[in-house]
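In: dropping a prediction and its sequence here:
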Amino acid sequence: QVQLAESGGGSVQAGGSLRLSCAASVLSFNSRAMGWFRQAPGKEREWVAHISWNGAPTYYTDSVKGRFTISRDNAKNTAYLQMNSLKPEDTAVYYCAAASKIWTMQFENAYWGQGTQVTVTS
């Protein structure tokens, strides 16, 4: 059974930082790409970042480049999203995802967590 549990969300003022964690109970974690997505109220879920199974390469959507950093610790079966210089437009529910197929960077039919709320106030 696959379980992904996000934590670390909360409310922060603009310019602040949060670190999200995704604890994964999934077979072959160290062979799966991991991703972070977000969904703002009234909007569709959008991709934020993803990371290869061994930690590199990493990819980011343009709006978070230079502010967010995705990382992973395969020994702990955990992925992270460090978010700095947060803006009100970063407000969303953040979801982590594990690629459904090992050794790929594809997130179609991915495994999903339940999400964690991030609220950035101005």
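Out: Noted; the coordinates are in hand. Numbering: from 1, shown residues only.

In: now Met105. Nearest residue, chain neighbours left out?
Out: With sequence-adjacent residues excluded and distances taken as Cβ to Cβ, 6 or more residues apart in numbering, Met105 is closest to Ala33, at 4.7 Å. Glycine gets a C-beta too; all of them are placed from N, C-alpha and C.

In: next: Ala14.
Out: Closest to Ala14 by Cβ to Cβ, 6+ apart is Ser122, at 5.1 Å.

In: how many neighbours does that neighbour have?
Out: Ser122: 8 surrounding residues under other Cβ atoms under 10 Å.

In: now do the closest residue to Leu27 other than its chain neighbours against Arg32, distance only.
Out: Nearest non-adjacent residue to Leu27, counting by Cβ to Cβ, 6+ apart: Val2, 7.7 Å away. Separation of Val2 from Arg32 (Cβ to Cβ, to the nearest Å) stands at 10 Å.

In: for Ser63, give me phi and psi.
Out: Dihedral pair for Ser63: phi -70, psi -10, per degrees, to the nearest 10.

In: all numbers from here: first residue = 854
Out: Yes, from this point I'll number from 854; that puts the last item at Ser916.

In: Gly869: how many residues sit nearby?
Out: 14.

In: contacts only, for it.
Out: 939, 973 (Cβ atoms under 8 Å, 6 or more residues apart in numbering).

In: host element of it?
Out: Using DSSP states H and E, Gly869 sits within no helix or strand.
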